[in-house]
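Enquirer: sequence and predicted structure below; questions after.
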Amino acid sequence: MRDIIRRVDRCRVCGNDDWLEVMSLGSTPLANGFLDPAPAYPDEPVYPVDVIACRRCWLMSLRHVVDPQVLFTHYVYLTSESDQMAQHMRRIVEWSTRKLGLTAGDLVVELGSNIGTQLEIFAAAGLRTVGVDPARNLARIANDRGVETVADFFGPHVAGPIAQKHGRAKLVLGRQCFAHIDDVHHVLDGVDAVLAPDGALAIEVPYLVDLLDQNQFDTIYHEHLSYYSLGTLGRLFESHGLRLVDVERADVHGGSIVAFASRPTVRPPAPSVSRLLALEEERGLSTGRPYQDLADRTRKVVDNVGGLVRDLVASGKRVAGYGAPSKGHALLQACGLDRKEIEFVTDTTPLKQGKVWAGNLIPVFTPEQARSRPPDYYLLLAWNYSSEVIRKEHEFLAQGGRFIVPIPQPRIVAEPEPARRYA
Ligand code: TMP
Ligand code: ZN
């Protein structure tokens, strides 16, 4: 039998084996598991979430890797249909065409293309597209909606046939998937096999600086193996003959970067690259301090959020969760909260509704169900959409409901008191 878990000894970017032990978030079930309702699931496997940082290239990483076949061949994460994400995806097309000079008829290959939402926008701009995603359930949805998608893990064995059938890609894009990849060198070998000589690679990852600044410890769970700075990403690209040429910060998934790289001499690096590298240097990312600080702050936030919710419940208030994202699972787990405290979570994703969340066994309600029994407090688990959610839920607030936004520090959002008028 294959091992379901692999211990990381050597850094996946630089090969070093000297690690700083950052913190342990305990052993937990997989965050993206949604089960049929049952009173208990006693044999559910748990896997450790231990955080380490490479003392040479300062990649922050998990110590253990869960077999990607287990995590990704059936996947319930669908590209978000939020307004914010739709706008971001249009911006990706705009950046790619402006910065890289893509024109109609050029080929875009996307790794981790999910149900094809991003590629549809490229296609509408006249580009040819091919997606690759290991989740067979998602690739089927994408193909059904007319976005050609290969259901496989990306690598040279997939990239070669794409290049033969469609020619070479002017853009290889990987949005929010690179952090999930263990053998990044295998994937970059695949990029080499399909990228045109003057093409570009664009990789979008949650940004380590935002994670540190906002105490986003809940984004640390089994699927996210790596937590990248631009410096570490650039070092990885360079080991495959690619050089950073541009970077953008984007307000998605709690703060991300989109890093663009090309083969040397294709295009000169934009000033944005050295600016962000300088910021990382200033923040001391190549020292142990910011990682140790994160561990200290995480302990405090975990205590504060857990304590706040337990106090509310003890005083008779009803608390539910808003959104059932993987990071919400990680947050509840770290704070020791489960269905004893959290009555339900509400989520717009049909695949999650009617199920219970693995581990904590909290039921997932549709928004309609949730509206019929509003809690006193919603713990905002999908905090990356906080402004969108708070705007959307004005009625809940107007009726006296409150949101708890858990990070960077827990804070309570209530409807502002209407201004009093004096005659
Ligand atoms: P994500 O941060 O990984 O995109 O996940 C967000 C989750 O929150 C996803 O399961 C959908 C859910 N969600 C809602 O239920 N209501 C909302 O208004 C928004 C924006 C997200
Ligand atoms: Zn390293």
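Expert: Nice, thanks for sending it over. Ligands and ions are numbered 1, 2, ... in the order given.

Enquirer: when you work out contacts or count neighbours from here on, use the C-alpha atoms and nothing else.
Expert: Fine.

Enquirer: need the residues of the stretch 51-200 of the chain near ligand 2, please.
Expert: Proximity of the stretch 51-200 of the chain to ligand 2, by C-alpha under 5 Å from the ion, involves residues 54, 57.

Enquirer: pick out the residue of the stretch 51-200 of the chain closest to ligand 2.
Expert: Going by C-alpha to the ion, ligand 2 is nearest to residue 57 of the stretch 51-200 of the chain, at 4.0 Å.

Enquirer: residues contacting the closest residue to that residue other than its chain neighbours?
Expert: Of all residues not flanking residue 57 in the chain, residue 232 sits nearest, at 6.0 Å (C-alpha to C-alpha, 6 or more residues apart in numbering). Residues in contact with residue 232 (C-alpha atoms under 8 Å, 6 or more residues apart in numbering) are 13, 57, 58, 59.

Enquirer: how about residue 232, phi and psi?
Expert: Dihedral pair for residue 232: phi -70, psi -40, per degrees, to the nearest 10.

Enquirer: per-residue confidence for it?
Expert: On the pLDDT scale, residue 232 is placed at 98.

Enquirer: restricted to helices, list the contacts of residue 232.
Expert: Judged by DSSP state H, helices contain none of these.

Enquirer: which of the residues you listed come close to ligand 1?
Expert: Among these, not one lies near ligand 1 by C-alpha under 6 Å from any ligand atom.

Enquirer: could you pull out the helices for the stretch 301-423 of the chain?
Expert: 326-335, 367-372, 386-392, 394-398 (DSSP state H, counting those that start in this stretch).

Enquirer: swap in the stretch 151-300 of the chain?
Expert: 156-166, 184-194, 208-213, 230-238, 271-282, 289-314.

Enquirer: quick check: closest non-adjacent residue to whichever residue of the chain sits closest to ligand 1.
Expert: Using C-alpha to the nearest ligand atom, the closest approach of the chain to ligand 1 is made by residue 347 at 3.2 Å. Distances taken as C-alpha to C-alpha, 6+ apart place residue 323 nearest to residue 347, at 4.6 Å, with adjacent residues excluded.

Enquirer: okay, that neighbour and residue 257: tell me how far apart.
Expert: Counting by C-alpha to C-alpha, to the nearest Å, the gap from residue 323 to residue 257 is 24 Å.

Enquirer: what does the stretch 1-150 of the chain have sitting close to ligand 1?
Expert: Residues of the stretch 1-150 of the chain lying near ligand 1 (C-alpha under 6 Å from any ligand atom): 80, 82.

Enquirer: any stretches of the stretch 1-150 of the chain with poor pLDDT?
Expert: 1-2 (pLDDT under 70).

Enquirer: okay, strands next: where are they in it?
Expert: 5-7, 19-28, 34-35, 47-54, 60-62, 64-66, 107-111, 128-132, 149-150 (DSSP state E, counting those that start in this stretch).

Enquirer: report the buried residues of the second one.
Expert: Neighbour-count burial for strand 19-28, with 16 or more other C-alpha atoms under 10 Å as criterion, is recorded at 19, 20, 21, 22, 23, 25, 28.

Enquirer: redo the helices of the stretch 301-423 of the chain as CSV? Include distance to ligand 1, mean neighbour count and mean pLDDT.
Expert: Formatted as CSV, those follow (distance: least, C-alpha to the nearest ligand atom, whole Å; neighbours: other C-alpha atoms under 10 Å; pLDDT from 0 to 100):
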stretch, distance to ligand 1, mean neighbour count, mean pLDDT
helix 326-335, 7, 23, 95
helix 367-372, 7, 13, 97
helix 386-392, 5, 14, 92
helix 394-398, 12, 16, 96
